[in-house]
Structures are given as C-alpha cells and as structure tokens.
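J.: Mind folding the following:
(3 chains)
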Amino acid sequence: MSDPREIGRPSGSLAAPDGILPAGTYEPEVLPAGLTRAPVGVNALATEHLIVNMGPQHPSTHGVLRVLIELDGEEVKAGEASVGYLHRGIEKLAESRRYSAVGTLMDRGDYISGIHNEMAFALAAEKLIDVEAPRRANWLRSLMAEINRIASHLVWYGPMGLDTGAMGPFLYAMRDREVLLDILEDVTGQRMMFNYVRPGGVLADITPAAEKKIRVFLETFDQYLDEHIEILAGNEIFQARMRGIGVIDRERAVGFALTGANLRASGLSFDVRKDRPYAAYSELDFSIPVAQEGDCFARFMVRMEEMRQSVRMIRQCIDGLPEGEFTAKVPKVLRPPAGEAYGAVESPRGELGVHLISDGSDTPYRMRYRPPALYALQVGESLLPGVLLADAVVILGSTDIVLGEIDR
Amino acid sequence: MTRIFGTGILRSLLLSFRQQRRGTITVQYPRERLVLPERARWAVEIKPHEGVEHTCTGCRACEKACPDYIIRLDITINEDRSKVIDLWHYELGACMMCGLCVEACPFDAIRMGHNYELAVTDPADLCVDLLVESPAHEPKRKVAAATPPPGPVEHGVPVPSTVDSAATESSATPEGSDDV
Amino acid sequence: MSIVQVVVPRVLAALGLMLLNGVVLIYMLRKVLGHLHLRLGPMENGWHGIAQTTFDVLKLLTKEDPTPKAVDKALYFIAPAIVFVPSLMAYAALPFSNSVRIVNLELGLLFTFAVLSLVPLGILAAGWSSNNKWSLLGGMRAVGSQISYEVPMLLAALPVVMMAGSMNLGDIVRAQQPLWFIYNVPAFILFFVAGLIESGQTPFDLAEADSELVSGFATEYASMKFGLLFLSEFSNTFIFAALTVTLFLGGWGIPFVPEAIMQPIAPLVFMIKTYLVIYLLMVIRGTLPRVRVDQLLTLGWKFLLPVSIAWVMITGLVIKLGQTVFGGAQ
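T.: Now for the predicted structure:
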C-alpha cells in the first residue's frame, strides 16, 4: 500500500516542509512557495488565494488548534493543522512521577474522558506488576467508563450543533451532562480530574446516593436521547450540511490508523471492548453500531447509537454489580520489575493505548500515550482540500478531536 | 421514511420549545449554592479530632506522596527525640486536589475540605500554613513559597541552593528528581 | 417652514421607535434565548435584568473606539451609516392604524423593499474596508445572499398586492378584514423564507456566522459603530416581522371587531402581533442550524425564484377566475 501520508497530501502551497514561509523570514514582496499571483494590468482580473488562519482562538476549533486554510473564494484549496499549543510534556513528566501519581497526569490528556485515560494506564501497570483487579472493581470500572463515555459524547454533540449554527442542542446536552457529572462527583470526588481508576482497582466504592442518581438518570435519558437525535438529525438543514461531506473510505481510514467511531462509520467493525476485552466488557451484553457511508452524518449517527448502547451497559452494571473488594492489594509505592506492557481501552475517541516501559525503579522509564484523536485530526486535515469553508469546520468537528490528547 | 420536506424543521422547533418543560438549570451562584457530595475534593484541611488539636506526627508521608511537591514540613527534633512542627507549608495555588496526600496519611490528620471559594487578591496568600489556620481568606501569617523563585541566571553560574546547614530538618530540595 | 414642521417630528418619531425597539428587542432576545436554553438570561440589573440593555448601551457609548491602522478610512467610517440609515427609512410606510403612520405612501411596499436593498451594500462596505479576511468573507456572503433574494421576496409579496389591489400598506391591511391573507399559504411560506434571508436571521445568518467567521463583517468594529450595526440588524428584524404582520396577518386588525373599538387600540395590536412574530423568529434562531452558502444560493435561484413566479401566475389566475365566476370587483 502506498505511504498513507501521501493519500491526502495536497500538491499546493501548504505542503512545503517548513510550513507556509521559511522560518525567520517575512518579506512582503516575496511570495510564499506555491502561491501564484495573476498579472495585474488594465484589462486583467487579479485574483489570488487567501490564506486564512483559523487561529488558536476560534469558536469552532475544539481546543487550541490552529488550521491554516488557503481559500479560493469560499472553497478550501489546502489546509494545514498546526498543533502544539497545549503541549505540557505529559509523557516526559511521567518519567519522574511515581506510579500512583502518573494517574493524575493521565487525567489531563484527554480531559473529557478521564476515566478511560486512567484505565489505560492502570491496565498497563497491572500487566507490569502482574496483578488482576477483582471482579467488583472491573464492574465499577466499566460503569464509570460508560458514564464517562456518554458525558464525552454529549460534549461532542453539543459543539457539533454549534459548528453548524444551532445553539439549542448545545445547552440541552450540557443539561444532561450535569446529571452525569453529579454522579461522577458523588463517586470519585471531582467533576473532571477523577483520579479514580488505580492500578489494582478503583479508589472507592459506589455510594448509595450515586446509585440512586444513576437509576433516575436511566429512567429519563433514553427519551432525552431520542429528542437529541430528533432535534438535529431529523432536521433537513442539518442533514444537508452533513450528508456526503467528509467521506472517509476504508482504505484511508485504515491507512491513517483510525479507530473508534470514526472507523466504525466507514464500515469496519473494530472495537477494543469486543476484540480485546478488558474490565467487565466480556460479561456485558452490548452491540457495536457500524455505518457504511463514512460521511459526517454516519459518524453522527454512530455516536448517538453508541450512547444508547452505553445506557444499556450502565443498566446491566448497576443491576448486576457483584460483591467483593473494590481494589486488590497493591503496595503504596509500586516498583514493578523491568519490562514493558501495553494497555489499551476504547475511549470515546478510539483506541487509547499506554505503552509503559519500566526499569525496576519507582518511576516509569518511558510512557508512550497513543492518542486516537491525533490520527483523526490527520484524516480531517487530509479531507480539507476541495470543500467549502463551512464544511471544513463541520468535518473537523465530526471527527471528535480533543487537543489535550493530541498535544499531550 | 417518507417525510414532507420541512417537517423535520418544524419538529425540531417544537422539540426545542418543549425542552423548556425541564425547567431552568441555573443556580444563581452567590445567593444559591449547591451542596457538595461528601467525597468532593477541594482544598486540604487539617481534620479536627476530639480532644486534640490535630493528629499529625510529622511523618512526612503526605510530602512524599504529593506529585508536585506542594507540601513542605519544617520540623525541629529536640534532644529527647520529640518533634515540633514549625511549619506545615501547603502551596494552595499549585494544588490540583488529587487527594493522594490524604490517602497517604496514616494518622488521618488531613482531609480534602469542601471550601472552593479560594480566590485571593495577593498571590502570597496562596501559600498557607495549615497548622495555624485552614486555607481561608485572611491568613494571620504570610509565608514565603517553598522554593524561592529563581533569580536572573548568569550563564554557567548555578542557582544557589536554599538548604541552610542549621539543625532543622527540612526538605527544601524536592525528592524524586531521578536522573533518567 | 412648514416642510420642516412636518418632517422633523416624523423623523424623530421614527428614530424614537427604532431606539425603543432596539432596547426592547435586545433584552427580549437574551431572555427568550435564555429560557429556550434552560437558563435565565440577564437577572442582575434591575428586576430580572430589565435595565441590562440600558447599561449595555451606556457601556458601548463609553468604550474606546479604535480604528485599525490599515482600514480604508472613508468606507470604514461611512459603512455603519449606510447600514443604519436605510433601516431607519424603512419605518416610513409601516401602518400602525388608519391614521397613525409616518407617511402615507401609495407605493409603500415597493418603497420599503427598495430601501432595504441598500443594506447589503453597507455590509459589503463594512467587510471590505475592515482589511480583515474574515470580515471580507462575511461581507461577500452577505452580498451574495441578500442581494440575490430581493427578487424572490418581492415576487412572493406580489400575490398579496394582487389580492388587495394596491401597494399602499394601509390599503392592504384594510383589505384583510375579516379574513387574513395567510390563507394564501404558499405565498406566506415563500415570503417568510425570503424575508429570513433578507434580514439576515438564522438559519441564514451567514454574514456573521459565529462559529466560522468569529463576528463576520462586524469583527473590526467597536463601540458605537458596532452599536449602529447591531441596532440596524435588530431593526431589520422588526421591519421584516412588521411586514409579515401587515401583509399576511391582518396588520392592526382583529376580525369581527367594530371600527370604533378597533382604531384607538390599533397601534397596540400591531405591536403585539409584531412581537409575537419576532418571538417565533427568536425560537427559530435558537434552534436551527445554518445552511451553507452554496445551498442557500441553490435554494434561492433554483427553487424560490421559479416557484414564486409560478405562484404569482397561479394567484392571478385564481383571482381572475373568481372575478368572472362570482362577478364584480373584489
């Protein structure tokens, strides 16, 4: 197969190796490579392509993302994403933190789905120290993970409406998310940086107040989910904005190492929960939504269906929570033997993996964080040439990127 | 599903109108406040116990557990091997409220409090001495930060160390700085 | 001297109505959107935030008014005026009752449409002179959409003119006693859609699409210039709603109420109806997504224009048939 980086590479100006302009120079008379300027004369029409900066501060880039877009009128000729505005050095900081503290770092990668980040790290660490979490801990992990998945999908759904211009669905999604964040706060203590899933188990057991809130949520959310789907997907304007836009075919998806809902909307049914089960997923009964078209609307419907499946899983987890310990006995300060391990979870964005290398001391030697949204951003960027400006915003939004994960 | 073009728009307008039956979610903050759950993690406080002022023995387990070296204890050891805690320094401004210090304490001396109204007007107020008062708005004694901010660096001249050679056992240099 | 005595009070009345509308509409928008979105809107200034707009206007008046360095100075300064003055002029022909109106124009409808068609020019001037690529995109989108929808809007209003027999807005209202012209549903839908686009409302507010163009053509404007642009946008909303009420919803009339009772309260009825239509516009604004530029132009040129031409012909045919079958002039 050809080099996947060539698939979407435009042949225009933005493919220059050091970006738009050579580093350190700006001369107004010198044109950036690839730009052409038609001759200006009395009877000649002078046109040029606009290079617009959808800058780090923009209402529609999901985080601090900078996209340089070369426009011909309203049509995008080439696009280049420039990341790094949120880089905090998580992988390097992990090399000087104890294993119990690396969980706090992982929370801040993909900050919207903290449970999945912590779980990936916990799985890798458990492989290193050869400890298995008890059954109740696994069920609690799945429960919290599915609650976090719905919360994360709601955060994607709201701004998806905002990208197309609809203000209402954003606030209705946030209204539903408040219920979930209350549940998470009851169980873990925080609304966002949970520090809940640890190597060996979880931090604490579920409280009766949280259980009551979960049951109330389960009674009402299915109907609200139907309304969310109806408000946007049933709307002809929304469908006209989303159908046929940003089609990712299977070859491109596999070539860019896409995972998660983006991949499943292109026809490939791969889900880490089914194919390499972890936590309690091998005992839960759920199905994986798959779509064939691969356009933005397919990704939208796949994620809405995933929310419904998550509700199903939460119901099973709450009803069937087994008795037992919520954590295995692990020492306070972990000193795993030298070795390496890879733990992967299905985060709302795709397969989130942590590759841990230990050298026997109490801090990791190397922690590599595989961010699924990075590959989604690369696919989104490769789809930009040829669409209109409004579609560029929609395409980037439908791939559900979070800059915290991409920049780490 | 055959639908007349335009009915979807009308339906979404009706749905949007009907969402209002859920009532407003706004909590008008200074006048109304939400009740925090028991496990909510906010600023660290010394936990009150009956009969004693506190149960901290100066074992430094919290200091070692903190990922960001925010806690610093200054302890004087007397001749009869008893400890006096001079300073229980806690840098509130840098704390991420992860709760690892509370988990590490073997004597149940600290807890994650529920006080989230921590804004101050003077950055020096963000470094507090927990044994004098809990993190509040007017600390009685202002303390310096755990490590002084580095001065202008001259190339080749190392930043002077802050450890003084008195008999106080203090951990001014953070532990855990392994060389990889 | 008598010309001045006639003109100045009317201009002042129009200005006063425009400012009053702006103040009320801004507050109404924030409250309606707030409650639609399950939140409260302004609550702090005054009882439930009623004084919020006053303070906002005071803030706008006292803000610094920076002029970016490389703007086209003449156009930059005059563009808000080009946008504001036609909106003010469009109040001229609106009928508030049999006797209360700014001026009684025989060609009131045509005058209103003609004056409103100057607004896209101002938007383009604002976008171009700002020396900002995002503003330029907003200005070009505005010109592309709003200018191309003027013809369908006028054609959609023609069936009403045919049914009423005159372009005088007062005559059109009187012709709607007791049956409002909304029974001509296709004309109503065509006019409503075309008018939404003309007044720059969601789902067609491309000129200042927040999620793409930050603030569109108004990005580089601050303080009172921004205030003028903002005010004229709300003014256009009011004009469009008032036109809808006049042409299709019976103007200041309530069916089966005798004239004597009707006339004193007619302006109130007119304003209430207009504000109900504006409420509907705000619900639409808070809910629907935006169409893309090429979809908008496709909708206009390939759908609205032929359909409105066809509907004019069909309405004319039906009216003529009605006249020949039932006899007499209608």
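
J.: ok, and for stretch B:89-106, which residues are buried?
T.: B:89-92, B:95-105 (16 or more other CB atoms under 10 Å in any protein chain shown). C-beta: built from backbone N, CA, C; applies to glycine.

J.: From those, list the ones also adjacent to chain A.
T.: For chain A, the contacts drawn from the buried residues of stretch B:89-106 by CB under 8 Å from any CB of the partner chain are B:Met96, B:Met97, B:Cys98, B:Gly99, B:Leu100, B:Ala104.

J.: Just the pLDDT for the first one.
T.: On pLDDT, B:Met96 comes in at 90.

J.: returning to that earlier point: need the ones next to chain A among the buried residues of stretch B:89-106 in JSON lines (columns: distance to B:His49 and secondary structure).
T.: Shown next, in JSON lines, are those (distance: CB to CB, whole Å; DSSP: H, G, I helix; E, B strand; the rest coil):
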{"residue": "B:Met96", "distance to B:His49": "26", "secondary structure": "coil"}
{"residue": "B:Met97", "distance to B:His49": "22", "secondary structure": "coil"}
{"residue": "B:Cys98", "distance to B:His49": "24", "secondary structure": "coil"}
{"residue": "B:Gly99", "distance to B:His49": "19", "secondary structure": "coil"}
{"residue": "B:Leu100", "distance to B:His49": "21", "secondary structure": "helix"}
{"residue": "B:Ala104", "distance to B:His49": "18", "secondary structure": "helix"}
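
J.: what about A:Arg349, how many residues close to it?
T.: 28 (other CB atoms under 10 Å in any protein chain shown).

J.: thinking again about what came up before, of the ones next to chain A among the buried residues of stretch B:89-106, closest to A:Pro56?
T.: B:Met96 (23.9 Å; CB to CB).

J.: Isn't the closest one up against A:Met193?
T.: Yes - B:Met96 is within contact range of A:Met193, at 6.8 Å (criterion: CB atoms under 8 Å).

J.: okay, and the common contacts of those two?
T.: A:Thr104 (CB atoms under 8 Å, 6 or more residues apart in numbering or on different chains).

J.: separation between the residue in the stretch 51-200 of chain C that chain A sits nearest to and A:Met54?
T.: The nearest approach of the stretch 51-200 of chain C to chain A comes at C:Lys133, 5.1 Å away (CB to the nearest CB). Distance, C:Lys133 to A:Met54, using CB to CB, to the nearest Å: 11 Å.

J.: Give me the more crowded residue out of those two.
T.: A:Met54 (24 against 17).

J.: Next one: the more buried one relative to C:Trp311, how far apart?
T.: For A:Met54 relative to C:Trp311 (CB to CB), the value is 42 Å.

J.: Next: C:Pro80.
T.: C:Pro80 is 37 Å from C:Trp311, by CB to CB.

J.: Quick check: the gap between the residue in the stretch 201-330 of chain C that chain A sits nearest to and chain B.
T.: Minimum separation of the stretch 201-330 of chain C from chain A (CB to the nearest CB) falls at C:Arg290, amounting to 3.0 Å. Relative to chain B, C:Arg290 is positioned 13 Å away (CB to the nearest CB, to the nearest Å).

J.: Excluding chain neighbours, what is closest to that residue?
T.: A:Gly165 (3.0 Å; CB to CB, 6 or more residues apart in numbering or on different chains).

J.: Can you report how many residues neighbour that neighbour?
T.: Other residues close to A:Gly165 by other CB under 10 Å number 27.

J.: and if you look at A:Glu340?
T.: Neighbour number of A:Glu340 under other CB under 10 Å is 16.

J.: show me the contacts for it.
T.: A:Leu128, A:His355, A:Leu356, A:Ile357, A:Ser358 are the contacts of A:Glu340 under CB under 8 Å, 6+ apart.

J.: That one belongs to a helix?
T.: No - secondary structure assignment places A:Glu340 outside any helix; it is strand (DSSP: H, G, I helix; E, B strand; the rest coil).

J.: what about residue 76, is that helix, strand or coil?
T.: If you meant another chain, say so; for now it's chain A. strand.

J.: Was I right to think A:Gly55 contacts A:Leu65?
T.: No - applying CB under 8 Å, one finds A:Gly55 not in contact with A:Leu65, separated by 9.0 Å.

J.: Among those two, which residue is more densely surrounded?
T.: The residue with more neighbours, out of A:Gly55 and A:Leu65, is A:Leu65; 24 against 15, by other CB under 10 Å.

J.: Verify the stated contact: that one with A:Gly84.
T.: No - judged on CB under 8 Å, A:Leu65 makes no contact with A:Gly84 at a distance of 9.8 Å.

J.: How confident was the prediction at A:Val272?
T.: 91.

J.: returning to what we had before: report the two of the buried residues of stretch B:89-106 separated the most.
T.: Most distant of those, by CB to CB, are B:His89 and B:Glu103, 20.0 Å apart.

J.: Lowest mean pLDDT among the helices and strands of chain A, which one is it?
T.: helix A:4-7 (a mean of 47; mean pLDDT, DSSP states H and E).

J.: hang on, the earlier thing: chain A: which of the ones next to chain A among the buried residues of stretch B:89-106 is nearest?
T.: B:Cys98 (4.6 Å).

J.: correct me, but the closest one touches A:Asn195?
T.: Yes - contact criterion CB under 8 Å: B:Cys98 and A:Asn195 qualify, at 4.9 Å.
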